[in-house]
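Student: Make a model of this:
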Amino acid sequence: MSVLTGKTALVTGASRGIGRATAERLASRGALVAVHYGRNEAAAQEVVAGIREAGGQAFAVGAELGVPGDIDTLWASFDAQLGTYTDRAGLDILVNNAGITLRGHIEETTEEILDQQFAVNVRAPFFLVQHGLKRLQDGGRIINISSGATRIAYPEIIAYAMTKGALDTFTLALAKAVGSRGITVNSVAPGIIDTDINASWLRGNEEANQFAASLSAFNRVGAPEDVADVVAFLASDDARWITGQVIDATGGSQL
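Tutor: Take a look at the predicted model:
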């Protein structure tokens, strides 16, 4: 039996990148996975189809985050579709992966840019959890995708780094708040990962690729699967005694 058989997971921003790899990994370990997407339904349905073709279970949940009514829309879609699985009730694993990166030094960061990133990267996870706690089973898992930018200074993404710092503080306080229910809460902090978000400057640019690789102790750029495996561990019973932590998944960047 797979380690997550009988569990239900929701992964936000799961139509690509780290979210997609995480959804696929959790499904491969037996979980029924709700694949959330903001706008690209076709990409999310592709992930769902791939999971099903591999023998897993998944369904897509659409809701643009960072806009009015986002959380109600997401949970309504989740509840309606989960209700078709008569053997499932509630949620066991919540992965807050969805996020946006709007680059800019402090001089270039407008109020709109700052507010938009906090709306998606901080406000949405906060209220997703707040509304989701009544659905989350005792002994459940909440995993927030943070960033190595909370440890390593990148002035060109200063507002983004602030949002991830807030998410880590949320992780710490929330872990204490829900610990009595046996729920663990942890952050995973990736470094530079070869995803669509970084494609514009990383892919097809050998100099940039070599620089990004040189930051890691392993001298390579991270892959989404490198992070997904850490999330899958935290989602398992093996991680039952770990909570309130930020797990560095930067590949030893700038040690």
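
Student: What is the neighbour count of Ala23?
Tutor: 33 (other CB atoms under 10 Å). Heads up, the C-betas are built off the backbone N, CA and C, glycines and all.

Student: right, and Leu118 touches Gly165 too?
Tutor: Leu isn't right for residue 118; it's Phe. No. Applying CB atoms under 8 Å as the test, Phe118 and Gly165 come out as separate, 11.2 Å apart.

Student: Give me the common contacts of those two.
Tutor: Common contact partners of Phe118 and Gly165 (CB atoms under 8 Å, 6 or more residues apart in numbering): none.

Student: quick one: the strands in the stretch 151-255 of the chain?
Tutor: Assigned by DSSP state E, counting those that start in this stretch, the stretch 151-255 of the chain shows strands spanning 184-190, 245-249.

Student: how about CSV for those, with distance to Ala63, mean neighbour count and mean pLDDT added?
Tutor: Conversion of the strands of the stretch 151-255 of the chain to CSV gives the following (distance: least, CB to CB, whole Å; neighbours: other CB atoms under 10 Å; pLDDT from 0 to 100):
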stretch, distance to Ala63, mean neighbour count, mean pLDDT
strand 184-190, 22, 25, 98
strand 245-249, 26, 20, 98
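
Student: Asp226 and Gly251 touch, don't they?
Tutor: Yes. Asp226 is within contact range of Gly251, at 6.9 Å (criterion: CB under 8 Å).

Student: the more surrounded of those two?
Tutor: Higher neighbour count among Asp226 and Gly251: Gly251, with 23 against 20, using other CB under 10 Å.

Student: check contacts around the more buried one.
Tutor: Gly191, Ser216, Ala217, Phe218, Arg220, Gly222, Asp226.

Student: Can you report how many residues neighbour the second one?
Tutor: It refers to Ser216. For Ser216, using other CB under 10 Å, the count is 18.

Student: how about the contacts of Gly251, which pair is most distant?
Tutor: Ala217 and Asp226 (12.8 Å; CB to CB).

Student: just to confirm, which helix or strand has Trp35 in it?
Tutor: Trp isn't right for residue 35; it's Val. Secondary structure assignment for Val35, by DSSP states H and E: strand 32-37.

Student: Specify the next element, helix or strand, located C-terminal of that strand.
Tutor: Using DSSP H and E, the first helix or strand after strand 32-37 is helix 41-53.

Student: Next one: the nearest residue to Arg203 once chain neighbours are set aside from Gly244, what distance?
Tutor: Leaving aside its sequence neighbours, Arg203 sits nearest to Asp194 (CB to CB, 6 or more residues apart in numbering; 7.2 Å). Relative to Gly244, Asp194 is positioned 30 Å away (CB to CB, to the nearest Å).

Student: Just the terminal-to-terminal distance for stretch 118-132.
Tutor: Terminal residues of stretch 118-132 lie 20 Å apart, using CA to CA, to the nearest Å.

Student: Which parts of it count as buried, going by neighbours?
Tutor: Phe118, Ala119, Val120, Asn121, Val122, Arg123, Ala124, Pro125, Phe127, Leu128, Val129, Gly132 (16 or more other CB atoms under 10 Å).

Student: these two touch, right, the second one and Glu64?
Tutor: No. Ala119 sits out of contact with Glu64 when judged by CB under 8 Å, with a separation of 10.7 Å.

Student: before we move on, the earlier item: among the buried residues of stretch 118-132, which lie within strands?
Tutor: Of the buried residues of stretch 118-132, none are assigned to strands by DSSP state E.

Student: Now intersect those with the helices, please.
Tutor: Counting by DSSP state H, the part of those found in helices is Phe118, Ala124, Pro125, Phe127, Leu128, Val129, Gly132.

Student: Contacts only, for the fifth one.
Tutor: Contacts for Leu128 were tallied using CB under 8 Å, 6+ apart; they are Thr12, Ile71, Leu74, Trp75, Leu94, Asn96.
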